[in-house]
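K.L.:
Provided below for reference: sequence and predicted model.
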Amino acid sequence: MTTSLEELSIYLRESRGSAIVDAVVTHGELTITTGKDDYLGLVNFLRDDERCQFISFIDLCGVDWPARAERFDVVVHLLSPKQNLRIRVKTAVAEDEALASLTGLYMGAEWFERECWDMYGIPFAGHGDLRRILTDYGFEGHPLRKDFPTTGLVEVRYDDSVKRVVYEPVALRQEFRNFDFLSPWEGTDYVLPGDEKKSQ
């Protein structure tokens, strides 16, 4: 299979070389990196070309790299049943940029692009129904971004007095606790034999 992937990599470089930034075969998988402007055309080629025929859309997801200028990667996995091969296509997108939607090529991309927008905030140009799919419609932010607070921004609870669900800012109710980081076997006035920790 690795030979087939290497042959496919060479074929793609020959036929669509200007659209391919990088093509790497590792761990029995071919990963193609392309630019934002070539993304839709390359995926269309992979689907329609007689030698490729990646007609099955498997997955689309995002990756957050907050220190990078093009903060996000959009990663697409495709399958060619005729060739019995899988391929991964990666594209880098800046935080304020939209990426072309694949819904015109693969109907199955609709919910995956909605999830990617909901979790990371990556917009997809040409998507007909780009709205939240996993979080609530009133949710603020995108929870899989690395700068999203681990506690969230709001908490949701049912308020029995008003008989409805209410949204409140997150309040950490537990008081800050000061830990001394000593083992439970240590005392403050003595050190057990064999315990090499220095007293503070």
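P.N.:
Ah, there it is.
K.L.:
just to check, residue 94 is in contact with residue 69?
P.N.:
Yes: between residue 94 and residue 69 there is a contact under C-beta atoms under 8 Å: 6.6 Å. From N, CA and C alone the C-beta is placed, and that goes for glycine too.
K.L.:
how about residue 69, secondary structure?
P.N.:
Put simply, residue 69 is coil when judged by DSSP: H, G, I helix; E, B strand; the rest coil.
K.L.:
that one and residue 95 touch, don't they?
P.N.:
No: Residue 69 lies out of contact with residue 95 (C-beta under 8 Å); the separation is 9.2 Å.
K.L.:
compare neighbour counts for those two and give me the winner.
P.N.:
Just comparing residue 69 and residue 95: by other C-beta atoms under 10 Å the higher neighbour count belongs to residue 95, 15 against 8.
K.L.:
how much space between the more buried one and residue 140?
P.N.:
According to C-beta to C-beta, to the nearest Å, residue 95 stands 17 Å off from residue 140.
K.L.:
got the contact list for residue 9?
P.N.:
23-25, 30, 32 (C-beta atoms under 8 Å, 6 or more residues apart in numbering).
K.L.:
again, 7 Å this time
P.N.:
By C-beta atoms under 7 Å, 6 or more residues apart in numbering, residue 9 lies in contact with 23, 25, 30.
K.L.:
now, these that are in strands?
P.N.:
23, 25, 30 (DSSP state E).
K.L.:
quick one: distance of the biggest helix by length in the chain to the chain centre.
P.N.:
Using DSSP state H to assign secondary structure, the helix with the most residues in the chain is helix 2-16. Distance of helix 2-16 from its chain centroid, counting by C-alpha atoms, centre = their mean, to the nearest Å, is 26 Å.
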